[in-house]
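J.: Any chance you could fold what I've pasted below:
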Amino acid sequence: MNDNPANGAAPSASAPQLQALAQYTKDLSFENPNAPRSLGPQEKGPNISIQVNVGAKQVSETDFEVNLLLEGSAGEGADALFKFELDYAGLFRLTNFPAEQLHPIVMIECPRLLFPFARQILADAVRSGGFPPLFLDPIDFHALYLQNAQNQQDAGAAPTLQRPQ
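T.: Sure, this is the predicted structure:
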């Protein structure tokens, strides 16, 4: 008899598992401060700036809430076309991972799973604001994680996750 599970079989109880339990919009803001003037033809493409932040907190022994915060704008000052802020979150369950792997999984893999959904929400919000949809390039969350880890190391801080209260 073969003890290996067939393709598509449920993983063993001791195998590491990452489950997305829920995804949700915590906060969404879209501003179109100069409408309708801003909706006409533009002489040149706007300067678009975007900031990406990832946060996480542990809500139980195995569950983590991960927030993907995307903030940005098109245009500047009196010529601003639009501004947005999206706080998109997910609740993830991590079981059977070694403790040293939890932080990278939570801060790299979880936001990677959330990003396509947040990207679509922003594209729809910008389009609903009267502009062509904003298509964000994929984000390398591994590189972002390494950059943040280096910044924390330079500052003398160790990466941590918020623990449940």
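J.: what's across from the spatially most central residue of the chain in the sheet?
T.: By Cα atoms, centre = their mean, the chain has its centre lying nearest to residue 68, at 3.0 Å. As for beta bridges, residue 68 partners with residue 54, residue 88 under DSSP bridges.
J.: My read is that it contacts residue 117, right?
T.: No. Residue 68 is not in contact with residue 117 according to Cβ atoms under 8 Å; the separation is 9.0 Å. All C-beta atoms are positioned from the backbone trio N, CA, C, and that covers glycine.
J.: Could you pull out the residues contacting both of the two?
T.: Listed as contacting both residue 68 and residue 117 by Cβ atoms under 8 Å, 6 or more residues apart in numbering are residue 88.
J.: tell me the contacts of the residue nearest to the centre of the chain?
T.: Residue 68 makes contacts with 52-54, 86-89, 111, 114-115, 118, as judged by Cβ under 8 Å, 6+ apart.
J.: need the strands for this structure, in chain order.
T.: Along the chain, the segments classed as strands by DSSP state E run 17-31, 48-58, 63-74, 82-95.
J.: contacting residues for residue 16?
T.: Contacts of residue 16 by Cβ under 8 Å, 6+ apart are 94-97, 101.
J.: which of these lies closest to residue 75?
T.: residue 94 (40.8 Å; Cβ to Cβ).
J.: The closest one: what's it in contact with?
T.: Residue 94 neighbours (Cβ under 8 Å, 6+ apart): 16-19, 62-64, 102, 105-106.
J.: list the helices and strands the longest helix along the chain packs on?
T.: Using DSSP state H, we find that the single longest helix of the chain is helix 110-128. Using 3 or more Cβ pairs under 8 Å, 6 or more residues apart in numbering; DSSP states H and E, the elements in contact with helix 110-128 are strand 17-31, strand 63-74, strand 82-95, helix 141-155.
J.: Check what pLDDT residue 93 gets.
T.: pLDDT, residue 93: 96.
J.: Identify the residues contacting it.
T.: So residue 93 contacts 17-19, 21, 62-64 (Cβ under 8 Å, 6+ apart).
J.: Please apply the same query to residue 75.
T.: 38, 46-47, 81-82.
J.: again with residue 17
T.: Each residue near residue 17 by Cβ under 8 Å, 6+ apart is listed here: 11, 93-96.
J.: could you redo the last one with a cut-off of 10 Å?
T.: 11, 62, 93-97 (Cβ atoms under 10 Å, 6 or more residues apart in numbering).
J.: ok, residue 98 to residue 46 distance?
T.: Distance from residue 98 to residue 46, counting by Cβ to Cβ, to the nearest Å: 46 Å.
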